[in-house]
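Enquirer: Predicted model follows, preceded by the sequence.
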Amino acid sequence: MSFLPRLRAALAEHGALCVGIDPHRSLLEAWSLAADGPGLERFGRTVVEAAAGRVAVVKPQVALFEAHGAAGFAALERVLADARDAGLLVLADAKRGDIGSTNDGYAEAWLTPGSPLEADALTVSPYLGVEALDGVFETAERGGKAAFVLAATSNPEAAAIQGAALPDGRTVAASVARAVAQRNARTGAGHGLVIGATVDRAAHGIEPDAATPILSPGFGAQGVGLAELRTLFPPHALVLASASRSLLQAGPAGLGDAIEAARAELPR
Ligand SMILES: O=C(O)c1cc(=O)[nH]c(=O)n1[C@@H]1O[C@H](COP(=O)(O)O)[C@@H](O)[C@H]1O
């Protein structure tokens, strides 16, 4: 089955909350876990256990596993497998992007069925050109997976580039969004866009359609309340409202309740 119907079904069942798996060193310490392979694995698997049956999607932050080298990647492999076995959709947040021939390696790593780091979706950067991602889109489509392309990110530094106007008058962000929506219109694949909750979407000129999912980080620690979701996006938009630190700071014992409370905050 392609990614879009899988995502739609999971969102209909569980709602829009996406739980980040971000093992910051400060959180590992607060959770009384060592900053090593076993600590990372325990952290990730505890988040998976708390998220399973409660949310549609988890989003491991690859950088924070990568920081630990081979041990971090070994832990991440097990967390990815655990999450997929638990019925969660897994969006690997690795923000990959290179020339096309190199992107094929990223697609093989993250979006190929049976690969050690197999995920359901991967965040990718379009700054080497959206067309350079064609191989990633194709691999994802073959495996019933998706790429989530950075359009308007949540960090304040991004606006200068992503909000800049191209010769046709569109912003860079809107141009990326249009390319991804056009591919979805052709293929029905459900590739996504990353649009931060902190972003002035209208100023970037992005109008979401119902076939292009949106990953929206920026809730919680970056200052946006989950209750604001429906003021940020139209009702037809397929939004993943993503939060990491604001949930994870509840600790291993409190995480399930924190996820429940966050779900309750989201408009239905
Ligand atoms: O792709 C992302 O998930 C992402 C895009 C973006 O625009 N902003 C953003 O914060 N993120 C990621 O979302 C998570 C946000 O974490 P918290 O601020 O702790 O909720 C981090 O893993 C970021 O790397």
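Expert: Sure thing, it's come through. Numbering: from 1, shown residues only.
Enquirer: Show me which residues of the stretch 101-250 of the chain are close to the ligand?
Expert: Selection of the stretch 101-250 of the chain residues close to the ligand by Cβ under 6 Å from any ligand atom yields 123, 153-155, 194, 196, 215, 217, 220-222, 242-246. C-beta coordinates here come from the backbone N, C-alpha and C atoms, glycine included.
Enquirer: Please check these and keep the buried ones.
Expert: Neighbour counting by 16 or more other Cβ atoms under 10 Å classes 123, 153-154, 194, 196, 215, 217, 220-222, 242-244, 246 among these as buried.
Enquirer: Could you check stretch 127-145 and say which residues are buried?
Expert: 130, 132-133, 135-137, 139-141, 143-145.
Enquirer: I meant to write stretch 158-168 there.
Expert: 158-159, 162-163.
Enquirer: Not counting residues beside it along the chain, what's closest to the residue of the stretch 1-150 of the chain found nearest the ligand?
Expert: Closest approach between the stretch 1-150 of the chain and the ligand, counting by Cβ to the nearest ligand atom: Gln61, at 3.9 Å. Closest residue to Gln61 apart from its sequence neighbours, by Cβ to Cβ, 6 or more residues apart in numbering: Asp22 at 4.2 Å.
Enquirer: got the contact list for the one you found?
Expert: 60-61, 64, 244-245, 248 (Cβ atoms under 8 Å, 6 or more residues apart in numbering).
Enquirer: Report the two of these separated the most.
Expert: Pro60 and Arg245 (14.1 Å; Cβ to Cβ).
Enquirer: distance from the centroid: which residue in this structure tops it?
Expert: Pro167 (30.2 Å; Cα atoms, centre = their mean).
Enquirer: Could you confirm Leu76 falls within a helix?
Expert: Yes - counting by DSSP: H, G, I helix; E, B strand; the rest coil, Leu76 is located in a helix.
Enquirer: Leu117 is in contact with that one, correct?
Expert: Yes - the pair Leu76 and Leu117 qualifies as a contact (Cβ atoms under 8 Å) at a distance of 6.9 Å.
Enquirer: Distance from stretch 37-51 to the middle of the chain?
Expert: Centroid displacement of stretch 37-51 relative to its chain, using Cα atoms, centre = their mean, to the nearest Å, is 18 Å.
Enquirer: swap in stretch 53-66?
Expert: Distance of stretch 53-66 from the chain centroid (Cα atoms, centre = their mean) equals 8 Å.
Enquirer: Quick check: the gap between the residue nearest to Gln61 and Gly163.
Expert: In this structure, Asp22 and Gly163 are 26 Å apart, going by Cβ to Cβ, to the nearest Å.
Enquirer: got it, and Gly53?
Expert: Taken as Cβ to Cβ, the span from Gly53 to Gly163 is 39 Å.
Enquirer: Give me the buried positions along stretch 45-60.
Expert: Quick answer for stretch 45-60 (16+ other Cβ under 10 Å): 45-48, 50-52, 54-60.
Enquirer: Same check on stretch 200-207?
Expert: Buried residues in stretch 200-207 (16+ other Cβ under 10 Å): 201, 204-206.
Enquirer: And for stretch 14-27?
Expert: Buried residues in stretch 14-27, counted by 16+ other Cβ under 10 Å: 14-24, 27.
Enquirer: Could you do stretch 25-36 as well?
Expert: 27-28, 31, 33, 35.
Enquirer: For the residues you listed, give me JSON lines that also has pLDDT, secondary structure and distance to the ligand.
Expert: Putting the buried residues of stretch 25-36 into JSON lines (pLDDT from 0 to 100; DSSP: H, G, I helix; E, B strand; the rest coil; distance: Cβ to the nearest ligand atom, whole Å) gives the following:
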{"residue": "Leu27", "pLDDT": "98", "secondary structure": "helix", "distance to the ligand": "9"}
{"residue": "Leu28", "pLDDT": "98", "secondary structure": "helix", "distance to the ligand": "14"}
{"residue": "Trp31", "pLDDT": "98", "secondary structure": "coil", "distance to the ligand": "15"}
{"residue": "Leu33", "pLDDT": "98", "secondary structure": "coil", "distance to the ligand": "17"}
{"residue": "Ala35", "pLDDT": "98", "secondary structure": "coil", "distance to the ligand": "17"}
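Enquirer: Good, wrapping up.
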